[in-house]
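Peer 1: A predicted structure for the sequence below; I have some questions about it.
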Amino acid sequence: MRKIRLVTGLVCLAVLASILTLGLWPFHVPANDVAWLKDRSGLEFGGSGTAISSDVLPKPGRGEEDGGSLEIWLRPGRIWDSGTFLSLWSPEVLFQLSVRQSQRDLEIQCARAAKLYVDDVFRRPRAVFITITSGGGGTSIYVDGVQVKTAPRFRLSTRHFTGRLIAGDAPGQTDSWRGQLFGLAIYHRELKPPEVACHYSAWTQEGRPKTAEDEQNVALYLFGEHDGNLVHNAVAGPDLEIPAKYTVLDKIFLEPFWQEFSLSRSYLSAAVKNIIGFVPLGFCFYAYLAELRVKRAGLATVLLGTAVSVTIEVLQAYLPTRDSGTTDIFTNTLGTWIGVASYNVVSPILARAFPWVPCLTPSCQLECTRQHHGDRD
């Protein structure tokens, strides 16, 4: 019996070690996966890479119109990837403005609530020049100088184009992007269609836009340094810094589940994986605690699963490559409970084949008693 308990205990430790490894790997802060392109001006963003402005972009002055524009020239690493390639952060609003690749589509998010999708922007693995410009008439999206979508109700004000600039990732929780970034510009005014076409032509032919002082250009990054950890702003404004270690600006500690919730495939897939991942913990630890004759072994096992999940989520807040949230606590606890319930269903079958398996259900215990008396007779 002692050998059986020892083996069961070792299996429980192996399951626990596997869950902790999967939940906390890598255990260190990785190097920032950003490198200068060798054959042209630009940066290559890998799996965990980011560049962050040294300070906030200038705030709009008095009399400036309520609108803004963004130009970005990039090539995604893979069509079916997802990740944020540009975001603007402020202490007041975490997700002030984010622009991301959602597989083949372009996704623009404003203050975490309003979203705008543009289909098939990344349908081919090539360089794409994207212009987002907004004013009183709404927001217009241009791809390679051609207007592809207008959203009259999706309006971005000048304040959305201020704050700390993050390239290759999002603030709060990691959402790193893979690809190459060739140019970036931000304006505190709406660009008109002729200006968009003119800028696109200048960017692609000369590597930079032809801007005048009245265009209110507050950020212009040409990525022509080819070395070092700074991307200089070609106009008056903060430079982009490339940290030595990968970092997430304003990392979230235990993000509330109602903010994490999404009907996206990635969210639902992660929830299912977290449920399934804790089923072995519930199954094995329930069997072990029941063998030790622990009172209310099922409840103790579920509480253990919750404690392990909370520990993981707290530690993930200090690991930039992992997300710290409360949704996983609920899904992990549910997975532990399913493991306990599964053992109650399977234990009678196991007890028939292996007499040393603990009988936990009343029917199983009754059958075990009958078998025991039958052996004695």
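Peer 2: Happy to help now that I have it.

Peer 1: Point out where the stretch 151-300 of the chain drops to low pLDDT.
Peer 2: Where the stretch 151-300 of the chain drops to pLDDT under 70, the residues are 212-214.

Peer 1: And the helices in it?
Peer 2: 193-206, 257-260, 265-291, 297-316 (DSSP state H, counting those that start in this stretch).

Peer 1: For Ala236, which of those is the nearest?
Peer 2: Among the helices of the stretch 151-300 of the chain, helix 193-206 comes nearest to Ala236, with 19.2 Å by CB to CB. All C-beta atoms are positioned from the backbone trio N, CA, C, and that covers glycine.

Peer 1: Show me the contact partners of the closest one.
Peer 2: 71, 73, 129, 131, 133, 142, 144-145, 147, 183, 185, 191, 208-211, 215 (CB atoms under 8 Å, 6 or more residues apart in numbering).

Peer 1: Please spell out the ChimeraX selection for the buried subset of the residues you listed.
Peer 2: The ChimeraX selection below is limited to those of those classed as buried (16 or more other CB atoms under 10 Å):
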select :71,73,129,131,133,142,144,145,183,185,191,208,209,211,215
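
Peer 1: I'd like the helices of the stretch 151-300 of the chain as TSV, with mean neighbour count and distance to Arg124 appended.
Peer 2: What follows is the helices of the stretch 151-300 of the chain, written out as TSV (neighbours: other CB atoms under 10 Å; distance: least, CB to CB, whole Å):
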stretch	mean neighbour count	distance to Arg124
helix 193-206	16	16
helix 257-260	14	32
helix 265-291	19	22
helix 297-316	18	36
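
Peer 1: Compare those helices and give me the one nearest Leu86.
Peer 2: helix 193-206 (15.6 Å).

Peer 1: distance between the closest one and the chain's centre?
Peer 2: 33 Å (CA atoms, centre = their mean, to the nearest Å).

Peer 1: can you list contacts of stretch 318-333?
Peer 2: 23-24, 26-27, 29-30, 48, 173-174, 246-248, 251-257, 260-261, 271, 274-275, 277-278, 302, 305-306, 308-310, 312-314, 316-317.

Peer 1: what does stretch 298-316 give?
Peer 2: With CB under 8 Å, 6+ apart as the criterion, stretch 298-316 contacts 16, 19-20, 23-24, 253-254, 278, 281-282, 285-286, 289, 294, 322-326, 328-329, 332-333, 335-337, 339-340, 344.

Peer 1: and that stretch, C-alpha only, in PDB?
Peer 2: Coordinates of each C-alpha in stretch 298-316 appear next as PDB, following Å, rounded to 0.1, in the frame of the first residue of the first chain:
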ATOM      1  CA  GLY A 298     -13.100  16.400  -3.600                       C
ATOM      2  CA  LEU A 299     -13.500  19.800  -2.200                       C
ATOM      3  CA  ALA A 300      -9.800  19.900  -1.100                       C
ATOM      4  CA  THR A 301      -8.700  19.000  -4.600                       C
ATOM      5  CA  VAL A 302     -10.800  21.700  -6.200                       C
ATOM      6  CA  LEU A 303      -9.400  24.300  -3.700                       C
ATOM      7  CA  LEU A 304      -5.900  23.000  -4.500                       C
ATOM      8  CA  GLY A 305      -6.600  23.600  -8.200                       C
ATOM      9  CA  THR A 306      -7.800  27.100  -7.600                       C
ATOM     10  CA  ALA A 307      -4.700  27.800  -5.400                       C
ATOM     11  CA  VAL A 308      -2.300  26.600  -8.100                       C
ATOM     12  CA  SER A 309      -4.100  28.700 -10.700                       C
ATOM     13  CA  VAL A 310      -4.000  31.800  -8.600                       C
ATOM     14  CA  THR A 311      -0.300  31.300  -8.000                       C
ATOM     15  CA  ILE A 312       0.400  30.900 -11.700                       C
ATOM     16  CA  GLU A 313      -1.600  34.100 -12.600                       C
ATOM     17  CA  VAL A 314       0.100  36.200  -9.900                       C
ATOM     18  CA  LEU A 315       3.600  35.000 -11.100                       C
ATOM     19  CA  GLN A 316       2.600  35.700 -14.800                       C
END
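
Peer 1: Just to check, Gln75 is in contact with Ile130?
Peer 2: Check again: residue 75 is Arg, not Gln. No. Arg75 lies out of contact with Ile130 (CB atoms under 8 Å); the separation is 11.4 Å.

Peer 1: So for the two, which sits in the more crowded spot?
Peer 2: Ile130 (23 against 15; other CB atoms under 10 Å).

Peer 1: The more buried one against Glu107, yeah?
Peer 2: No. Counting by CB under 8 Å, Ile130 stays clear of Glu107, with 11.7 Å between them.

Peer 1: Find residues that contact each of those two.
Peer 2: Val99.

Peer 1: on that earlier part again, list only buried entries from the contacts of stretch 298-316.
Peer 2: Buried among the contacts of stretch 298-316 by 16+ other CB under 10 Å: 16, 19, 23-24, 278, 281-282, 285-286, 289, 322-326, 328-329, 332-333, 335-337, 339-340.

Peer 1: Domain ranges for this protein, per the record?
Peer 2: 2-27+255-376, 34-241 (automatic domain parsing).

Peer 1: Just the terminal-to-terminal distance for the last one.
Peer 2: As for domain 34-241, its first-to-last residue distance stands at 11 Å under the measure CA to CA, to the nearest Å.

Peer 1: gap between that domain and the chain center?
Peer 2: With CA atoms, centre = their mean, you get 19 Å for domain 34-241.

Peer 1: what does stretch 272-281 give?
Peer 2: So, by CA atoms, centre = their mean, the centroid of stretch 272-281 is 20 Å from its chain's centroid.

Peer 1: That'll do, ta.
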